[in-house]
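Q: next one to model:
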Amino acid sequence: MATIEVKIEINSTIDKVWEIVSDIDNEPKFWKGTKEVKNISKEGNTVNREITIAFRDQKCLQQVKIYPKEKIEVRFTKGIIEGEKIISITAKGEKTILSTYWDIKLTGMMGMFTNMIKKHIKSGTEQAMQSIKEEIER
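A: Residues are numbered from 1 along each chain as shown. Coordinates of the predicted model:
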C-alpha cells in the first residue's frame, strides 16, 4: 500500500473550508485526477458513486461517508484503485488545517506500479489542496 499525507493551512474559518470541501460533486474542479463523478445512491451521510479517473479514463466505484465539519472518508470499492482517501479539517485559531491522507494500491497486475504512482498522486493532492486554499482565500 502507498500512504500519502498532505496538509495545508488555510486563512479561513472551518465553516468556509467545509463548504468547499464537502461539495463532493464538484471534486473534478479541484482534483484533476478525477475527471467525472456520477452519484449512484445516497442514504444518510453515505454516497455511493462512480468516478472516472484521469489514469486511462478508468472507472472506480467509491463509498463516500461525510462527517460534517470533520472529515470525508472515501473508500474505493471497485476498480483499479483499492484503499481509501480521507480528507479532514481542523480549526487552528482563526485558520483551518486541511489534511488529505491516502492509503491505496493499484489492483491486479497494476499493483507493481503502486509506488510509481505515489509521487503523481501526492503532487496532484498538493495541487488540489492549493487550488482549494486559493478559492477560499480569494
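Q: can you give me the buried ones in the helix or strand of the chain with the lowest mean pLDDT?
A: Taking mean pLDDT, DSSP states H and E as the measure, the chain has helix 114-137 as its least confident helix or strand, at a mean of 94. Using 16 or more other C-beta atoms under 10 Å as the test for burial, helix 114-137 gives 114, 117, 118, 121, 122, 124, 125, 128, 129, 132, 133, 136. All C-beta atoms are positioned from the backbone trio N, CA, C, and that covers glycine.
Q: go through the residues you listed and name the one nearest residue 37.
A: When those are ranked by distance to residue 37 (C-beta to C-beta), residue 128 comes first, at 13.9 Å.
Q: was I right about the closest one contacting residue 31?
A: Yes. Residue 128 is within contact range of residue 31, at 4.5 Å (criterion: C-beta atoms under 8 Å).
Q: on that earlier part again, let's have the buried residues of helix 114-137 in a markdown table, adding distance to residue 70.
A: Formatted as a markdown table, these follow (distance: C-beta to C-beta, whole Å):
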| residue | distance to residue 70 |
| --- | --- |
| 114 | 29 |
| 117 | 28 |
| 118 | 26 |
| 121 | 23 |
| 122 | 23 |
| 124 | 23 |
| 125 | 19 |
| 128 | 19 |
| 129 | 17 |
| 132 | 16 |
| 133 | 19 |
| 136 | 17 |
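Q: let me know the closest of those residues to residue 55.
A: Distance ranking of these against residue 55, using C-beta to C-beta, places residue 117 first at 7.6 Å.
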